[in-house]
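A.B. asks: Below is the sequence, then the predicted model.
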Amino acid sequence: MNNPRRQALLTAFKLFDVVLMVLAFGLATLPVLYETDAASITAFLSMRIRINDFLIFLALLTVWHVTFSSFGLYLSHRLDRPRAEMASVIKATSLATGIMLAAALLFHITMVTPVFLTVFWSVSTTLVVVSRLTLRSLLKQARVRGRNLRLVLVVGTNPRALEFARKAESTPELGYRVIGFADDPWDGIERVVNAGYNVVCSLDELPKFITHSVVDEVVMALPIRSYYFHASRIASLCEEQGIIMRFPSALFDMKTARSKAEDFVEGASLITFYTGTPDGWPKIMKRMIDFTVSLAALILVLPLFAVVALLIKAGSDGPVFFKQKRMGLNKRKFSLFKFRTMVPDAEAKLAEIEHLNEVSGPVFKIKDDPRITTVGKFLRKTSIDELPQLINVLKGEMSLVGPRPLPVRDYQGFDKDWQRRRFSVRPGITCLWQVTGRSSIQFDRWMELDMQYIDKWSLWLDFKILAQTIPAVLRGSGAT
């Protein structure tokens, strides 16, 4: 869902759809030219280069794009049947053609004749349908080869659970991989083991397994009547940690998670519960902005990188960059890049000063850390040490805005499941905590701000945080 390659592919497809509209428009003009004599052709061509006509054409391109977005053609169709998506394509091209007819009548566009509209609709619909079917084929091939996968934990080992796993296994083109089952011992559990699947934990051990394992989705297959307590507890756990949950019926009173119905495969309907940012145009735009801004910023700050590298080397021995394992989306670990601001053996010396920690919770921060170098103090005060994280943003491991990525050590100190919902979105360089006081804010309040960001996320909120980050950095608010 959040794979950078998929986001890039969707972005390319948006542009490709616009190209298809232009191509269909051009082909639709051929019959009009054929029916026009030589003298009229000259007048026709002159008419097309007028500014008003050009602006109208740009407006039609915009309408085309907005219409496609409104019909959900840029959302994930992993679980949709091809005919459902193709029906949406036909509706979108039909509405766009109808809008074009209305524009022709309103602005007296003589070239938009019944023949033009017929050819335009036929060509555009055919091209878009073919492109969508081609994309489906390419994605299926990628998933069969082990790319674009979703790791699924099945809760329950009854025949319904085993049937689901077999259907997922028989349809590798969907990109779902069952990592195991969770259930308490009972007579029927051997059927799952004999079928070649792993029972990774009991129901009591499931919270610990989810906490320490990469799980993209949980499929609930327990008998609800007899296991309602367990099912409700697991549903709340997934809600707290921001893990997608699929369930055959809406029986739970979710507080923050939203739900949507989807067809997994033929005869297997599921209701999905999720928190955080849903798939769609705003999320795609967020990734586009991340990629574009991080690439441009990296190019602009390359000279600064060279100067900082020289200062770090002159100030102390050791590498220029500091790399540390951090917890990312759905607890996937990645290497975070920063300019080194401490002595080379800072990690080893942490145990010696851990008792000086000035903040609550599992994180470690002190105002005058003796491990920080002279150059490092300046880099931290100005937040220049954070600039290499633009590389993480470019790679898709981070976003410009999102909860700050925590070290593995800090994550292991979490004692409340609701705090782990921060891992349901991609971590960021800046966030609400960053612009509200940073190190001066206590850990619980920090986590609450992360939950607030997730629940109220929008592109506008991202822009607002980015705008507030600049004065916060200039003031050095809460920097250590």
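C.D. replies: Good, I have the coordinates. Numbering: from 1, shown residues only.
A.B. asks: make it CA atoms for all contacts and neighbour counts henceforth
C.D. replies: Fine.
A.B. asks: Would you confirm that Ala309 contacts Val320?
C.D. replies: Yes - using C-alpha atoms under 8 Å, Ala309 is in contact with Val320, at 5.7 Å.
A.B. asks: what about the longest helix in the protein?
C.D. replies: helix 281-315 (DSSP state H).
A.B. asks: So for stretch 374-387, what gets flagged as buried?
C.D. replies: Val375, Gly376, Lys377, Leu379, Arg380, Lys381, Thr382, Ser383, Ile384, Asp385, Glu386, Leu387 (16 or more other C-alpha atoms under 10 Å).
A.B. asks: In helices, which of those appear?
C.D. replies: The members of the buried residues of stretch 374-387 that map onto helices under DSSP H are Val375, Gly376, Lys377, Leu379, Arg380, Lys381.
A.B. asks: Tell me the one among the residues you listed nearest to Ala235.
C.D. replies: Arg380 (40.9 Å; C-alpha to C-alpha).
A.B. asks: Would you confirm that that closest one contacts Met342?
C.D. replies: No - in this structure, Arg380 is not within contact of Met342 by C-alpha under 8 Å, at 10.3 Å.
A.B. asks: low pLDDT regions in the stretch 251-400 of the chain?
C.D. replies: For the stretch 251-400 of the chain, applying pLDDT under 70 flags the ranges 251-255, 258-269, 276-281, 358-359.
A.B. asks: what's the answer for the stretch 51-200 of the chain, then?
C.D. replies: 51-54.
A.B. asks: returning to that earlier point: would you list the ones in helices among the buried residues of stretch 374-387 in JSON lines and tack on distance to Ser335?
C.D. replies: Listed next are these as JSON lines, based on distance: C-alpha to C-alpha, whole Å:
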{"residue": "Val375", "distance to Ser335": "23"}
{"residue": "Gly376", "distance to Ser335": "20"}
{"residue": "Lys377", "distance to Ser335": "23"}
{"residue": "Leu379", "distance to Ser335": "20"}
{"residue": "Arg380", "distance to Ser335": "19"}
{"residue": "Lys381", "distance to Ser335": "23"}
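A.B. asks: Looking at those residues, which one is closest to Glu85?
C.D. replies: Using C-alpha to C-alpha, these come closest to Glu85 at Arg380, 50.0 Å.
A.B. asks: about what we covered before: what is the helix or strand just after the longest helix of the chain packed up against?
C.D. replies: Next in sequence after helix 281-315, counting helices and strands by DSSP states H and E, comes strand 321-327. With contacts defined as 3 or more C-alpha pairs under 8 Å, 6 or more residues apart in numbering; DSSP states H and E, the packing partners of strand 321-327 are strand 333-339, helix 408-411.
A.B. asks: Distance from strand 321-327 to the middle of the chain?
C.D. replies: 21 Å (C-alpha atoms, centre = their mean, to the nearest Å).
A.B. asks: Over to stretch 331-345?
C.D. replies: 23 Å.
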